[in-house]
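Sequence and computational prediction follow.
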Amino acid sequence: MTTPLLEMRNISIHFGGIKAVDDVSIDVMPGEVVGLLGHNGAGKSTLIKILSGAYKKDSGEIYVDGKKVEINSPRDARDLNIETIYQTLALSDNLDAASNLFLGREIVTRFGLVDDTAMEAESRKIMARLNPNFQRFSEPVRSLSGGQRQSVAIARAVYFNARILIMDEPTAALGVHETAMVADLIKELKAQGLGIFLISHDTREMMELCDRVSVMKNGQLVGTERVEDVTEDDILSMIILGKNPKREMA
Amino acid sequence: MSNGLGNIIKTLQLDTRLLGMIGAFVLIALVFHIATGGTFLTPRNLFTLTLQTASVAVMATGMVFVIVTRNIDLSIGSLLGIIGMLMGVVQVQVLPEIFGFGSPMIWIITVAIGLALGAAIGGFQGWLIGYLAIPSFIVTLGGLLIWRGGAWWVSRGTTISPLDPSFVMLGGATGTIGVTASWILALVGSALTIYGLANNRRKYISHDFAVKPLWAEYLLGAILVGAICGITAIMNAYMVPTRILERRFAAEGLEMPEGYTEAYGFPISVLIVLAVAIAMTVIARKTRFGRYVFAMGGNPDAAELSGINTRLLTVKVFALMGALTAIAAVIASARLGSAGSSLGELDELRVIAAAVIGGTALAGGVGTIYGAILGAFIMQALVSGMGMVGVDSPLQNMIVGGVLIVAVWVDILYRRKTGDA
Ligand SMILES: Nc1ncnc2c1ncn2[C@@H]1O[C@H](COP(=O)(O)OP(=O)(O)OP(=O)(O)O)[C@@H](O)[C@H]1O
Ligand SMILES: [Mg+2]
């Protein structure tokens, strides 16, 4: 068996009294999409925020290409080519799309000054692929629609040659057409060999896009299944009841 | 506004807020000009006005960053006081013994010490705010009391004067660069402005972005160059009084030639404001640091998730505020020629008001350098004008207070209308 591109082993974290994530292990292979499912508050966002450097885990290990890594800040994660689309989008509302896209990684001129025109030109290129209708480059993202903002967040995650992509409900605010474009994008990135963690509440969409799904409940991992081995109903019962009926029978 | 003018403004991509502020300034100036029977809009008065505004304007640029990052700095008036005091002691009691009286080293070292002190104290307050998570309101309120007390302590309440002549040049009417140098500066400034416009246009075209029509660029260039030359002409129109000239010739043992005249030109303190304004604008718009300041103001979590060290950024913002306060302390004490323990009192409120009138939003994330400087001018124009028409100072304060509230209300209405919250 090949080594996973990324592996999170026995991860735990607590906030005050609640164990938001309790001894959870997940992994992803190159060119694989792994879905994370679970009810509201199951701990999905918290788990991936540990991976993206937003939270520090209490215990557990993270391996990239089989080598143990330390992720103590968002910068560490970015340095490991781990890119994240946060559920909250994490955009600075007062800045324009290009400034957000390049935030923390600005293109600079040879004098070390930020090169806004170059960044806007690059933003136009990537947005043309993601959301060709998007034209509002010089306005603060505050004045964009929810879906347009989401496009900006997606563009930021895919622009910088990620190896591992974390998408926390990336299509929540998107229209039918834009959702389909994100699905195509996921397939394309998958073909390029990226490892993708995808979080969504849409079980049908997950069955279509993912190779495997991991289900969480109350901070714990219920189980991880290959999508071809389970039905939508099996997954639903894992989410709701916290167990896989097929495994119970066996 | 008529539709035609509205279209021109749109094509020029002028900031309507900026226009509104210039309009307010012109209105205030005209009202006082009439009320004083024609003495407000004179070169002499405008010259004095810029001198009086300089120190608050310098600090207001720093306050923009502080407020944009959702903080406040109440300590700057007191900080100005203690830095001014210590610089006074250094230049009057310490340095002359080392370098001899009148050596240029005196002002250089004094200013360097002031800057270091300001940055250090500001940075320390920033550290308390950023790393220990004590609210900036509390830290700087403490600072307001501590540094004011400290300023008194330095001299036991006495006023230090006279300050060194080389130092005094940095703040007042004795330190002006004269007509020729002023015009040279205006020419250089105009040339750079035109170069900047042309360069921008070229960059836009090279990326296939939409550009303004050519006539709009020319018009914009003409307006900017006109403004630069106009201000220079005003500064060059204020003549040095004959009395002072005679005294100057007499001091050199010369007879003043018949009909000799001389104009002041730009005061050094105003050039300092200009330099600070340009530097701070470049920092705000064109450096990573400035970009992060605004990003943090818009959404601190997003900034953090983008790998920005927001705590260190807070330290830097307050250190910068401290350094600018030191520059303001130089200007303020040099203008008065002395440093007393009440130097800078209530300046924090003037500075915050200037920034807020200039469109800096207390909710964070929004603000401009030029707005804050214009805000400082509007406030000072109001205060000076009222003084000239004989409004006594308690009433002056009441009026300034009212204007501040109305200005912010108008700003809220403006933002609601234009849709930027
Ligand atoms: N910063 C925090 N401080 C305290 N508690 C937190 C914090 N972040 C998350 N939690 C708690 O941890 C638990 C897991 O939250 P999390 O956001 O990971 O859920 P989720 O699975 O992403 O849910 P959703 O589907 O609603 O996005 C919740 O009980 C939540 O209240
Ligand atoms: Mg979540």
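Received, thanks. Please read these numbers as outputs of a predicted model, since none were measured by experiment. Ligands and ions are numbered 1, 2, ... in the order given.

Remind me which helix or strand residue A:30 belongs to.
Secondary structure from DSSP states H and E places residue A:30 outside every helix and strand.

Contact partners for residue B:105?
With contact taken as C-beta atoms under 8 Å, 6 or more residues apart in numbering or on different chains, residue B:105 is in contact with B:95, B:99. (Each C-beta comes from the backbone N, C-alpha and C, glycine too.)

pretty sure it belongs to a helix, no?
Yes: in this structure, residue B:105 lies within a helix as judged by DSSP: H, G, I helix; E, B strand; the rest coil.

Near chain A, which residues of chain B are found?
Residues of chain B that fall close to chain A, judged by C-beta under 8 Å from any C-beta of the partner chain: B:203-204, B:207, B:209, B:282, B:286-288, B:291-292, B:294-299, B:301-308, B:365-366, B:419-421.

So which of those belong to helices?
Among the residues of chain B next to chain A, the members falling in helices are B:203-204, B:282, B:286, B:288, B:291-292, B:294-298, B:301-305 (criterion: DSSP state H).

Show me what counts as buried in stretch B:300-316.
B:300, B:302-311, B:313-316 (16 or more other C-beta atoms under 10 Å in any protein chain shown).

Strands along chain A, start to end?
Assigned by DSSP state E, the strands in chain A fall at A:6-15, A:18-28, A:33-37, A:59-64, A:67-69, A:82-85, A:164-168, A:195-199, A:212-217, A:220-226.

buried ones in the fourth one?
This means strand A:59-64. For strand A:59-64, a neighbour-count test (16+ other C-beta under 10 Å) marks A:60, A:62, A:63, A:64 as buried.

which residues touch residue A:190?
A:31, A:32, A:33, A:196.

swap in residue B:358?
Residue B:358 makes contact with B:21, B:60, B:64, B:367, B:368, B:370, B:371, B:372, B:373, B:374, B:375, B:376, according to C-beta under 8 Å, 6+ apart.

let's see it at 6 Å
B:371, B:372, B:374, B:375 (C-beta atoms under 6 Å, 6 or more residues apart in numbering or on different chains).

now swap in residue B:53 and tell me
Taking C-beta under 6 Å, 6+ apart, one finds B:376, B:377, B:380 in contact with residue B:53.

what's the closest non-adjacent residue to it?
In this structure, residue B:53 finds its nearest non-sequential neighbour in residue B:380, 4.3 Å apart by C-beta to C-beta, 6 or more residues apart in numbering or on different chains.

From residue B:237, how far off is the one you found?
Separation of residue B:380 from residue B:237 (C-beta to C-beta, to the nearest Å) stands at 20 Å.

higher neighbour count, the two?
Using other C-beta atoms under 10 Å in any protein chain shown, the more surrounded residue of residue B:380 and residue B:237 is residue B:380, with 21 against 16.

Tell me if I'm right that that one and residue B:54 touch.
No: contact status for residue B:380 versus residue B:54: not in contact, 9.4 Å apart, counting by C-beta atoms under 6 Å.

What about residue 69, how many residues nearby?
Going with chain A. Neighbours around residue A:69, by other C-beta under 10 Å: 15.

my question was about chain B
When neighbours are counted by other C-beta under 10 Å, residue B:69 comes out with 29.

Distance to residue B:199, pLDDT and neighbour count added to the contacts of residue A:190, as JSON lines?
Formatted as JSON lines, those follow (distance: C-beta to C-beta, whole Å; pLDDT from 0 to 100; neighbours: other C-beta atoms under 10 Å in any protein chain shown):
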{"residue": "A:31", "distance to residue B:199": "46", "pLDDT": "95", "neighbour count": "15"}
{"residue": "A:32", "distance to residue B:199": "48", "pLDDT": "96", "neighbour count": "19"}
{"residue": "A:33", "distance to residue B:199": "46", "pLDDT": "96", "neighbour count": "24"}
{"residue": "A:196", "distance to residue B:199": "42", "pLDDT": "96", "neighbour count": "22"}
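
From residue A:95, how far out is residue A:139?
Going from residue A:139 to residue A:95 by C-beta to C-beta gives 10 Å.

Looking at those two, which is more packed in?
Neighbour tally, residue A:139 and residue A:95, criterion other C-beta under 10 Å: the higher count belongs to residue A:95, 24 against 14.

Spell out which parts of chain A neighbour ligand 2.
On the criterion C-beta under 5 Å from the ion, ligand 2 has as its neighbours in chain A the residues A:45, A:87.
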